[in-house]
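> I'd like to go over a predicted model; first the sequence, then the structure.
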Amino acid sequence: MAWRASTNCAQAPTITPTGRSALDINALAAIIAPALILPSLFRPGVKKLITAPGALLINCALSGVELPSNSTVPLLVMTALPAAVRARLPMVVFAGESPINAKFYNQYIDQAPLVTATGAHYIAAHSVPRMMDYVREAFHIAKYERRPVVLGIPYDLQKVEHMANQPYETSAMYQPKVGRTHPDPEVVAEAVERLAAAKRPIILGGRGVLGSGARDAVIKLADRCGALLSNTLPARGLFHDHPFGLGITGSYFTSLGREMYESADVVLAVGTSLSYYVGGGHYFAKACKIQLDDAPRGLRDGQKAADIYVRSDALVGAEAILAGLDKTLGVGKPTAAAIRSKELAHRIATEPADSMPFDIAPGVLDPREVIRAIDAVVPKDWDIVVGGGHQAYFNTQMRGRPAERYTTVREFGAVGNGLSYALGVAAARWQGGEGKIVLFEGDGGLLFHIQELETLKRQGFRILICAMNDGGYGSEFHKLRADGIDDSLAVFGRPALENIARGFGLRGHEIRDVSVIPKLFADFAAQGESEIWNIQISDQVTAPVIRQTIKRGHGNM
Ligand SMILES: Cc1ncc(C[n+]2csc(CCOP(=O)(O)OP(=O)(O)O)c2C)c(N)n1
Ligand SMILES: [Mg+2]
């Protein structure tokens, strides 16, 4: 069966049989993927999941586009769903349930507790007359609460063609149109006072800046009050084209970013929840922290988020502070800020993110050098998609790439989903064999769902998969080594990923020399098939984030 859903809600979802057999579909990993490029749009992605012989089967669809996907076990949902919950991705999963009228069904399983344990919402759609209400409710909750909803429909009920409660009224008809949240003038005045007096202010932007279309207003505010700019990891690239953009704040700091934050006196955080990884002020202890967000919580990930809270939509709030500065100081009159300088702009433009030296064995590469070489040849309008593990740090330091072309979901910290994320981006971009997508994934994470290469081949998407191959679970063996524990169980060798790609009918190359990258990329871009680069990197180079984790102990801030 197929389920067509329209995320623009112009059409009614309909359920029609297609005759596709369970064996034809195989796969879930793509489950989370199409929702990923949506956060900035705050529209739900649509996924389809059917219980069927031998596996939980998942299809994913976006805006009426359907993707047959590959088979998998429920376990995978158990990492994709909590990741979507924590990342607040609006998403509807269409899930089959065993037939409600059957006396016996071999694969009966109570899905609801599995789903709700992840924090996702479960709707057991067991009443045929209410079927369309369930569908509307699923979309309503996904959008309103920005979390995944699993809609469980028994297999036999899926075959019922006519629903009583037609015509369908979309969830959009019930979405309250309340406009943007405006801030309290008193707290705005407090923020204005702090910013006017700040000598070393920094403005930190998160996904909320993208969501409310506040980027230009935030830049204007930073220029007005002489602040530096920076962003959270999910909003990587938000201020990539600004001369005072410091890049990522928190555990993925550049060394210069960390240095500048250490002396900051005011940090204005806009459109970010200020999660554990931004550090709760751990990295900028001296600063007065002002959080401008539509849902500030105070206590976030076990830490105090800020000192002053401005509850507001990012755009309206930034404009209000800007107007407040002009009113307090006089139009165009400078604040006390003295953090911007020509020298600093030069350092931002030229200093490498991390220049810690390492001994690199012959035949393997420094991942930082690999990323620089790839960054130099991949056009800036290509999507960069990133999986997990230790390798995920290095590519975040690519330059001149906008946040809208960067996709990662690091919430919940599950490795192995990178290929699924890239498939989702490919499906959403709908560029087929002309896809402009580069995936960075660890060798271990890639092997978790290597079967998705078959989905990739069958769908005809073009993705360049850069496997950052350090011969094992780097994130694990670096910590084991630091603790003086035998790392051998985390080192599994360097499988010939390029040959695995060829086995699936895709292209593959091993890379042990960065000088081949320009030619290899030109060849890749001139044809229409996906390709794996099995990039042999050193297992000695550690990212600053893992050096920091090792120093303070995992889970301690
Ligand atoms: C689903 C899941 N399984 C296991 C882990 C534990 N884990 C964290 S990082 C990591 C290593 C990943 O290896 P790879 O993809 O090669 O990336 P690397 O760290 O080597 O760069 C593992 C196994 C996890 N976070 N999530
Ligand atoms: Mg690895």
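Everything's here; your move. Ligands and ions are numbered 1, 2, ... in the order given.
> Buried ones in stretch 95-109, by neighbour count?
For stretch 95-109, the neighbour count (16 or more other C-beta atoms under 10 Å) marks 95-99, 105 as buried. In short, each C-beta sits where N, CA and C put it, glycine included.
> One more: stretch 473-492?
473-481, 487, 490-491.
> now, which of these lie within strands?
With strands defined by DSSP state E, no entry of the buried residues of stretch 473-492 lies inside them.
> domain ranges for this structure?
2-174, 185-349, 356-552 (automatic domain parsing).
> pLDDT averaged over the last one - what is it?
It stands for domain 356-552. What domain 356-552 shows for mean pLDDT is 96.
> for stretch 295-307, same thing?
pLDDT averaged over stretch 295-307 gives 94.
> Stretch 342-350 too?
For stretch 342-350, mean pLDDT is 98.
> Get me the contact residues on the stretch 401-550 of the chain for ligand 1.
With C-beta under 6 Å from any ligand atom as the criterion, the stretch 401-550 of the chain comes near ligand 1 at residues 413-416, 442-445, 468, 470, 473-476.
> 8 Å instead?
Residues of the stretch 401-550 of the chain lying near ligand 1 by C-beta under 8 Å from any ligand atom: 413-416, 441-448, 468-470, 472-478, 490.
> Let me see the ranges of the helices in the stretch 401-550 of the chain.
418-429, 443-448, 452-459, 474-482, 497-503, 517-525, 544-552 (DSSP state H, counting those that start in this stretch).
> okay, those, which one's buried deepest?
Comparing the helices of the stretch 401-550 of the chain by mean neighbour count (mean count of other C-beta atoms under 10 Å), helix 418-429 comes out on top with a mean of 28.
> For that helix, name the packing helices and strands.
strand 55-62, strand 65-67, strand 383-386, strand 406-408, strand 437-442, helix 443-448, helix 452-459 (3 or more C-beta pairs under 8 Å, 6 or more residues apart in numbering; DSSP states H and E).
> roughly how far out does that helix sit from the chain middle?
When C-alpha coordinates are averaged (C-alpha atoms, centre = their mean, to the nearest Å), helix 418-429 and its chain have centres 11 Å apart.
> Helix, strand, or coil at the residue lying farthest from the centre of the chain?
Distance from the centre of the chain peaks at residue 103, with 42.9 Å (C-alpha atoms, centre = their mean). For residue 103, the assignment made with DSSP: H, G, I helix; E, B strand; the rest coil gives coil.
> What separation do you get for it and residue 203?
63 Å (C-beta to C-beta, to the nearest Å).
> in the longest helix seen in the chain, what counts as buried?
The longest helix of the chain (DSSP state H) is helix 314-329. Residues 314-322, 324-325, 329 are the ones in helix 314-329 that count as buried (16+ other C-beta under 10 Å).
> quick one: which of those is nearest to residue 285?
Distance to residue 285, by C-beta to C-beta, is smallest for residue 321 among the buried residues of helix 314-329, at 23.4 Å.
> Please report how far residue 258 lies from residue 288.
19 Å.
> repeat for residue 254
Counting by C-beta to C-beta, the gap from residue 254 to residue 288 is 23 Å.
> same check, this time on residue 282
From residue 282 to residue 288 the distance is 15 Å (C-beta to C-beta).
> The helices of the stretch 401-550 of the chain into a markdown table, with extra columns for distance to ligand 2?
A markdown table is the format used below for the helices of the stretch 401-550 of the chain (distance: least, C-beta to the ion, whole Å):
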| stretch | distance to ligand 2 |
| --- | --- |
| helix 418-429 | 12 |
| helix 443-448 | 4 |
| helix 452-459 | 18 |
| helix 474-482 | 4 |
| helix 497-503 | 11 |
| helix 517-525 | 20 |
| helix 544-552 | 12 |
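> picking up where we left off before, who has more neighbours out of residue 282 and residue 288?
Just comparing residue 282 and residue 288: by other C-beta atoms under 10 Å the higher neighbour count belongs to residue 288, 20 against 13.
> Can you name the residues bridging to that one?
Beta-bridge partners recorded for residue 288 (DSSP bridges): residue 266.
> hang on, it packs against residue 269?
No. Assessed by C-beta atoms under 8 Å, residue 288 is found out of contact with residue 269, at 11.3 Å.
> OK, now which residue of the stretch 251-400 of the chain is nearest to ligand 2?
Going by C-beta to the ion, ligand 2 is nearest to residue 389 of the stretch 251-400 of the chain, at 5.8 Å.
> which residues touch the residue nearest to that residue when sequence neighbours are not counted?
Closest residue to residue 389 apart from its sequence neighbours, by C-beta to C-beta, 6 or more residues apart in numbering: residue 442 at 3.7 Å. By C-beta atoms under 8 Å, 6 or more residues apart in numbering, the residues touching residue 442 are 387-392, 415, 418, 467-470, 473-475.
> Tell me the bridge partners for residue 442.
Note on residue 442: beta-bridge partners by DSSP bridges are residue 468.
> Relative to residue 246, how far out is it?
Relative to residue 246, residue 442 is positioned 26 Å away (C-beta to C-beta).
> The closest residue to residue 500 other than its chain neighbours: how many residues sit nearby?
Using C-beta to C-beta, 6+ apart and skipping the chain neighbours, the partner closest in space to residue 500 is residue 450 (6.3 Å). A count of nearby residues for residue 450, using other C-beta under 10 Å, gives 18.
> Hmm, residue 503 and residue 450 touching each other?
No. Using C-beta under 8 Å, residue 450 is not in contact with residue 503; the gap is 9.9 Å.
> separation between residue 197 and residue 143?
Residue 197 is 41 Å from residue 143, by C-beta to C-beta.
> ok, the two, which is more surrounded?
Neighbour count, other C-beta under 10 Å: between residue 197 and residue 143, residue 143 has more, with 21 against 14.
> The helix or strand encompassing that one: which residues count as buried?
Element membership for residue 143, per DSSP states H and E: helix 131-144. Of all the residues in helix 131-144, those buried under the rule 16+ other C-beta under 10 Å are 131-143.
> again, but for stretch 115-132
115, 118, 120-125, 131-132.
> Cross those against helices and list the overlap.
115, 131-132.
> got CSV for those residues, with pLDDT and distance to residue 543 too?
Shown next, in CSV, are these (pLDDT from 0 to 100; distance: C-beta to C-beta, whole Å):
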residue, pLDDT, distance to residue 543
115, 94, 34
131, 90, 49
132, 90, 49
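> which one of those is nearest residue 306?
Distances from residue 306 to those, taken by C-beta to C-beta, are shortest for residue 115, at 33.2 Å.
> That closest one and residue 122 touch, don't they?
Yes. Between residue 115 and residue 122 there is a contact at 4.4 Å, judged by C-beta under 8 Å.
> can you list residues touching both of these two?
Overlap of the contact sets of residue 115 and residue 122 (by C-beta under 8 Å, 6+ apart) consists of 150, 152.
> Closest residue of the stretch 401-550 of the chain to ligand 1?
With C-beta to the nearest ligand atom, the shortest gap between the stretch 401-550 of the chain and ligand 1 falls at residue 442, namely 2.2 Å.
> any idea how far that residue lies from residue 477?
For residue 442, the distance to residue 477 - C-beta to C-beta - is 12 Å.
> Over to residue 199?
From residue 199 over to residue 477 the distance is 44 Å, taken as C-beta to C-beta.
> Going along the chain, name the strands of the stretch 251-400 of the chain.
266-270, 288-293, 299-300, 303-304, 308-311, 383-386 (DSSP state E, counting those that start in this stretch).
> can you redo these as CSV with distance to residue 340?
CSV is the format used below for the strands of the stretch 251-400 of the chain (distance: least, C-beta to C-beta, whole Å):
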stretch, distance to residue 340
strand 266-270, 14
strand 288-293, 19
strand 299-300, 29
strand 303-304, 29
strand 308-311, 23
strand 383-386, 28
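> and those, which is most packed in?
For those, the largest average neighbour count (mean count of other C-beta under 10 Å) is found in strand 266-270, namely a mean of 29.
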